[in-house]
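In: I need the structure of the sequence given here:
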Amino acid sequence: MSENSSKKAIFEREFSIVATLVVGAGALLLSFPLFFEEAVGEIDWITIPMVAFPILASIILLALASQQPRGMKEKMAFPVKAASLGFSLFILTISSALFFGWLGSIDWTSLKINEYNMNHEYTWINSLGISWHVGLDGLSFPMLWLTTLIIPITMITTWEENSGWYHHPLLLLMEGALIGVFVALDMFMFYVFWELTLIPMFFLILKWGGKDRRYAAQKFFLYTFTASVIMLLGIVTLYFLQDPSQYLIDRGVLTGRTFSMIDMTNSAQMAANDGSVWLGSSMQNALFLMLMLGFLVKLPAVPFHTWLPDAHVQAPTSGSMVLAGVMLKMGAYGMFRLPLTLFPHALAEYQYLLLAIGMISLVYGSIVCLGQTNLKRMVAYSSVSHMGIVILGIASMQPLGFAGAIFMMFAHGIISPMLFSVCGSFKHHYHTLEIGSTRGLAKASPFLGVYMMFSWMASLGLPLLAGFVAEITVLVAVWMTFGWWVLLPALVLAITAGYYLWSMQRTIFEGSGEVVLPEGMAAEDARDISPWENIGNLLMALLIVLFGVLPWIIWDMMSAYANSHFYFSMGGLLNLVAGGA
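Out: Predicted coordinates:
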C-alpha cells in the first residue's frame, strides 16, 4: 500500500512539474509580445504565439503522457485534451483579432504583390543566408485563419477518440507546423515546416487508422516526401542561381545568397519590368515544372492522386478532416507563393498543360465517384475533382480565376472536414462505410442524416453555400479565357450532383419507412451522433452558410491579392495573357 502511495506521489509530482511548465509557457506567451514591442517597436504575433507555442506545448504534453502508465494516461486524458483545445482556441482568438483589426489596424486589401503585414525577420543560419522570416498577405492569411478554425473544430468533433492524451497534442503539433508553412517567407524555413507536417499526420494514420493503416501511412509518406524532395531540388537550384551579393558576404553569408522569397520576387519583378525573363526561359520552365510537381502531388491532381483515397479511407476522422481541410491546400498555396509568382512566363508557357490537368482531375474524379460503394473513398475522389477546379482557376490566367481558386481552397477547407466528419460518425455508429448497407438513416439517426444531406449539398455547389461562390467564379473565368470549353466543367458539376444524390437516396431515405441496419449491427440499436460530434458539425455548417451568404468577408482580400498579380507585378501578368497589349 505504501509502495502504491509512493508511486502515486511520484506521478502527481511529475504532473505538477509539467503542468507548471505549460502554465509558464502560457505566461511567456502572454508577456513576450509586451517585451518584444519595447525592443523593436512592433509586436510579432506570429513567431511565438502561433508557430512556436503550439509546437512546444504539444511536445510537452506528448512527453508528459509518454512517461505515465496506462491508468494514469486515462486519468490525464481529459486535462490533456482540454489543454490542447484551449491552446488552439487561443491561437484562433489571435488570428481572428488580426483579421477584424482588434490587434492593430490592418487593411488586408491594400497590399500589393510581395508586400506583407506582420513582416518580421530574424537571423537563423547566417552563414547560408537562412533566416526566420514570417509575414502575412491576402493569400496566406485566409489559409492561416482556416487552419486555426479547423483544428479546434476537429478536436471538438473527435473528443471521444481513443488515446486522447496522444491524439489531441498531435493535432496541436499539426497546427503549429501548418501555420509555419503559411507564414514562412524564407524558402528553407518553408521547406522545414512543409516536411514537419508529415510527421503528425503519419502517426495519426498509423495509430488510429483502419486495418490497412500501415500501408496507407507508408504510401502517404513516400508519395508526398518524394515529391517534396523534387521541390527541394528546385529550391536549392534557385538558391545557387542567384548572383552573389557582396553586401551579404560582408555580413558573414559565405555564399552571398539568400533563401528569401521577397528578395527572389524582387529580382524576378525587376527582370520582367525590364522586358527580360528572369533566369532565362529554359531554366524558368524547368524550375516551374520541378516546383509544380511537388505541389501537384500534395494537392493532389491526376495522375499524382493515388495516395489520397487510401490515406482517407484508412485515416481516422481527425486525420481526414485535417488532411482534406488544410493539408491539401498546402499544394495550391505553394503554387501561388512560388512558381506562379516567380515564373509568370513559364505559367503562360504551360497554361494549356495546366488546363488539361485541371480538366482531367475534375472529370476523372467525378466519374470515379459514380462507381464507389465506400463513402469515404467517394468523398476522397470528390476532393480530387474539386482541386481540379483550383487548377482551372489558375489556368484561366484571369484575376477572377485566381481569386476564385483561392476562395475554392478556403470553401473546400470548411466543407470537406464536415464531409469526413459525417463519414467518420457513420463508421463509428454503424461500423461500416458501405453505401446502401444502411437504409432509413433519417429515421434512425436524424442529426446524422441532416448533417450528411447538408454537407453533400454544400459539396455539390448548392447556391447560398460557400462552394457555389468558388465554383461560379472559376467557371466565369474559364469562359473568359477558353470560351465554350467551360461547358465541360459545368457538365461535370451535374455529375457531382448525381453521385451525391445517389448516395443520399440509398443511405438516408430508402427503407420503405423501416430502418435497415448493417449485418454487423444485428445485436445493436441504431444511435445518433454524440453531443461533441453535433457541436463540431454545427459549427462547420454555420461557417459554410456564413461564407456562402456573405463571401465578401474573406473574398475582398483574396481578390486584392489576385489583382496585384496582374496589375502590379512582373511587368503586368495580364499583358502576357493579352499578348503584350
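In: drop to CA atoms for contacts and neighbour counts, all remaining ones
Out: OK.
In: what about the longest strand in the protein?
Out: Secondary structure of the chain per DSSP state E: the longest strand is strand 117-125.
In: and it, what does it pack onto?
Out: Under the contact definition 3 or more Cα pairs under 8 Å, 6 or more residues apart in numbering; DSSP states H and E, strand 117-125 sits against strand 130-136.
In: what residues does the strand it packs on touch?
Out: Residues from elsewhere that reach strand 130-136, judged by Cα atoms under 8 Å, 6 or more residues apart in numbering: 46-47, 116-125, 183-186, 188-189, 258-260.
In: just stretch 482-495 next, same as before
Out: When contacts are defined by Cα under 8 Å, 6+ apart, stretch 482-495 is touched by residues 359, 362-363, 366-367, 396, 460-461, 475, 478-479.
In: Show the buried residues in the residues you listed.
Out: Neighbour counting with 16 or more other Cα atoms under 10 Å marks 359, 362-363, 366-367, 396, 460-461, 475, 478 as buried within these.
In: can you redo those residues as CSV with distance to residue 374, pLDDT and secondary structure?
Out: Rendered in CSV, the data for these read as follows (distance: Cα to Cα, whole Å; pLDDT from 0 to 100; DSSP: H, G, I helix; E, B strand; the rest coil):
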residue, distance to residue 374, pLDDT, secondary structure
359, 24, 96, helix
362, 20, 95, helix
363, 19, 94, helix
366, 14, 94, helix
367, 15, 94, helix
396, 34, 93, coil
460, 18, 92, coil
461, 21, 92, coil
475, 29, 96, helix
478, 32, 96, helix
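In: what's the closest of these to residue 384?
Out: Using Cα to Cα, residue 362 comes nearest to residue 384 of those, at 7.0 Å.
In: The closest one and residue 322, how far apart?
Out: According to Cα to Cα, to the nearest Å, residue 362 stands 22 Å off from residue 322.
In: Quick check, pLDDT for the residue nearest the centre of the chain.
Out: Centroid check for the chain by Cα atoms, centre = their mean gives residue 326 as the closest residue, at 1.6 Å. Residue 326 is assigned 96 on the pLDDT scale.
In: so it sits right up against residue 413, yeah?
Out: Yes. Between residue 326 and residue 413 a contact is recorded at 5.9 Å, counting by Cα atoms under 8 Å.
In: Look up the closest residue to residue 400, ignoring the ones flanking it.
Out: Nearest non-adjacent residue to residue 400, counting by Cα to Cα, 6 or more residues apart in numbering: residue 477, 5.8 Å away.
In: quick one: contacts for that neighbour?
Out: Taking Cα under 8 Å, 6+ apart, we find residue 477 in contact with 393, 396, 398, 400-401.
In: Among these, which one sits closest to residue 102?
Out: residue 400 (29.5 Å).
In: For the closest one, what are phi and psi?
Out: Main-chain dihedrals, residue 400, degrees, to the nearest 10: phi -60, psi -40.
In: Go ahead and confirm it touches residue 559.
Out: Yes. Shown here, residue 400 and residue 559 form a contact pair, counting by Cα under 8 Å, at 7.2 Å.
In: strands paired with the longest strand of the chain, and their directions?
Out: strand 130-136 (antiparallel) (DSSP bridges).
In: and the angle from the following helix or strand past the partner strand to strand 117-125?
Out: As assigned by DSSP states H and E, the chain's next helix or strand after strand 130-136 is helix 140-157. Relative orientation of helix 140-157 and strand 117-125, computed by axes from the mean of the first three to the mean of the last three Cα atoms, to 10 degrees: 90 degrees.
In: Which elements pack onto the helix or strand following helix 140-157?
Out: Of the helices and strands lying after helix 140-157 in sequence (DSSP H and E), the nearest is helix 164-183. In terms of contacts (3+ Cα pairs under 8 Å, 6+ apart), helix 164-183 is packed against helix 53-66, helix 70-100, strand 130-136, helix 140-157, helix 187-196, helix 198-208, helix 329-337.
In: again, only this time at 6 Å
Out: helix 53-66, helix 70-100, strand 130-136, helix 187-196 (3 or more Cα pairs under 6 Å, 6 or more residues apart in numbering; DSSP states H and E).
In: Using PDB, write down the CA coordinates of stretch 101-117.
Out: This file holds the C-alpha atoms of stretch 101-117, laid out as PDB (Å, rounded to 0.1, in the frame of the first residue of the first chain):
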ATOM      1  CA  GLY A 101      -8.400  44.700 -36.600                       C
ATOM      2  CA  TRP A 102      -8.500  44.200 -32.800                       C
ATOM      3  CA  LEU A 103      -4.700  43.700 -32.800                       C
ATOM      4  CA  GLY A 104      -3.700  46.700 -34.900                       C
ATOM      5  CA  SER A 105      -5.500  48.300 -37.800                       C
ATOM      6  CA  ILE A 106      -4.600  46.100 -40.800                       C
ATOM      7  CA  ASP A 107      -6.000  46.700 -44.200                       C
ATOM      8  CA  TRP A 108      -5.600  43.300 -45.900                       C
ATOM      9  CA  THR A 109      -6.900  44.700 -49.300                       C
ATOM     10  CA  SER A 110      -4.300  47.400 -49.700                       C
ATOM     11  CA  LEU A 111      -1.300  45.000 -50.000                       C
ATOM     12  CA  LYS A 112       0.400  44.700 -53.400                       C
ATOM     13  CA  ILE A 113       2.300  41.700 -54.500                       C
ATOM     14  CA  ASN A 114       5.400  41.000 -52.400                       C
ATOM     15  CA  GLU A 115       4.100  43.200 -49.600                       C
ATOM     16  CA  TYR A 116       3.300  41.700 -46.200                       C
ATOM     17  CA  ASN A 117       1.700  42.600 -42.900                       C
END
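In: Return the set of buried residues in it.
Out: By neighbour count on 16+ other Cα under 10 Å, the buried set for stretch 101-117 is 108-109, 111-114, 116.
In: Distance from it to the middle of the chain?
Out: Distance of stretch 101-117 from its chain centroid, counting by Cα atoms, centre = their mean, to the nearest Å, is 22 Å.
In: likewise stretch 137-148?
Out: From the chain centre to the centre of stretch 137-148 is a distance of 9 Å (Cα atoms, centre = their mean).
In: One more: stretch 355-366?
Out: The mean C-alpha position of stretch 355-366 is separated from the chain mean by 21 Å, Cα atoms, centre = their mean.
In: go on, stretch 318-335?
Out: On the basis of Cα atoms, centre = their mean, stretch 318-335 sits 3 Å off its chain's mean C-alpha point.
In: Touching that stretch from outside, list them.
Out: 154, 295, 298-299, 312, 413, 416-417, 420 (Cα atoms under 6 Å, 6 or more residues apart in numbering).
In: Those, buried ones only, as a PyMOL selection?
Out: The PyMOL selection below is limited to those of the contacts of stretch 318-335 classed as buried (16+ other Cα under 10 Å):
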select buried, resi 154+295+298+299+312+413+416+417+420
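In: what's the most distant pair in the contacts of stretch 318-335?
Out: Within those, 154 and 295 form the most distant pair, 24.7 Å apart (Cα to Cα).
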